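I need the structure of the sequence given here:
(one chain, ligands or ions: 2)
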Amino acid sequence: MLDQEFDALLRDLAEQGFSIQDGLLPADLVDDLYKDALQAWQSGEFTPARVGHALQPQRITAIRGDTIRWLDPEPTNDAQARFLEWSEALRHELNAQFYLGLQRTEFHYAHYPPGAGYARHMDQHRGQPHRRITLILYLTPDRRPDDGGELCLYRPEAPSEEWMRIAPERGRLVLFRSELIPHGVLPAHRSRWSMTGWFRNDGVLLRAA
Ligand code: OGA
Ligand code: MN
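Residues are numbered from 1 along each chain as shown. Ligands and ions are numbered 1, 2, ... in the order given. This next block holds a predicted model:
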């Protein structure tokens with residue numbers, strides 16, 4: 001892996017708080033992740049996403065209409081293993097550059113059916129103070145320009161003002177500082193697939209037996 005691989009991404013994050021990267025992950029890996037997501041979905045493993053406090057989540061489709069499938073911390077197939085290896089390399093680079101103390105990641109696949117979106121929000125919401133960097137990788141095959149589901153960023157200094165719209169093109173990777181950037185998903189007009197996750201600065205919680 002070349003050292004320069006993450007240069008543009010890290011520079012963007014430092015200068016503007018977000019980065020949009022096309023083609024950073026190999027196309028065959030994006031394909032395999034999509035197939036993995038689809039298979040999990042066909043096996044009924046996706047569950048409705050919830051909003052609000054981590055300890056008291058609620059399903060409110062008017063705010064958030066996607067269904068998600070969390071990845072296990074240990075990869076269960078080659079595609080996940082390749083992706084997690086790549087994200088670990090990125091985690092180390094983020095720590096080396098920004099001293100973020102990122103200790104772990106968490107990722108889920110997301111599916112937005114037609115009509116579903118996600119209202120403007122912050123990812124560091126109540127109960128999630130340890131999310132520092134958000135990563136989204138778009139997986140939808142054969143996306144057309146009028147399929148909707150754009151990621152909308154709002155201005156950190158004026159959260160009601162739209163900053164930019166980002167089309168969820170297959171293979172496109174978006175990263176941003178979780179505590180900084182308000183964002184939302186415009187309603188999808190066709191099935192929208194993605195992988196979303198966070199680089200976190202807390203360790204693994206040890207659950208009581
Ligand atoms: C999220 C989110 C954006 C997207 O899952 O928290 O904001 O473009 N996703 O999928
Ligand atoms: Mn979000």
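
ok now do the closest residue to ligand 1 within the chain, which residues does it touch?
Per Cβ to the nearest ligand atom, Leu151 is where the chain lies closest to ligand 1, at 3.7 Å. Glycine gets a C-beta too; all of them are placed from N, C-alpha and C. Contacts for Leu151 (Cβ atoms under 8 Å, 6 or more residues apart in numbering) come out as 136, 165-166, 168, 174, 183-185.

what do you get for Val51?
Each residue near Val51 by Cβ under 8 Å, 6+ apart is listed here: 57-60, 63-64, 121.

And Glu85, by the same measure?
By Cβ under 8 Å, 6+ apart, the contact list for Glu85 is empty.

and Gln21, bridged to which residues?
On the basis of DSSP bridges, Gln21 is bridged to Leu173.

CA atoms of the helix ranked longest in the chain as CSV?
Determined from DSSP state H, the single longest helix within the chain is helix 78-98. In CSV, the C-alpha atoms belonging to helix 78-98 read as follows (Å, rounded to 0.1, in the frame of the first residue of the first chain):
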residue,chain,number,x,y,z
ASP,A,78,-13.1,-12.0,2.4
ALA,A,79,-14.8,-8.7,1.4
GLN,A,80,-15.2,-7.6,5.0
ALA,A,81,-11.7,-8.7,5.9
ARG,A,82,-10.3,-6.6,3.0
PHE,A,83,-12.4,-3.6,3.9
LEU,A,84,-11.5,-3.8,7.6
GLU,A,85,-7.8,-4.2,6.8
TRP,A,86,-8.0,-1.0,4.7
SER,A,87,-10.0,0.9,7.4
GLU,A,88,-7.4,-0.1,10.0
ALA,A,89,-4.6,1.4,7.8
LEU,A,90,-6.7,4.6,7.5
ARG,A,91,-7.3,4.6,11.3
HIS,A,92,-3.5,4.5,11.9
GLU,A,93,-3.0,7.4,9.4
LEU,A,94,-5.7,9.5,11.0
ASN,A,95,-4.1,8.9,14.4
ALA,A,96,-0.6,9.7,13.1
GLN,A,97,-1.8,13.0,11.4
PHE,A,98,-4.4,14.3,13.9
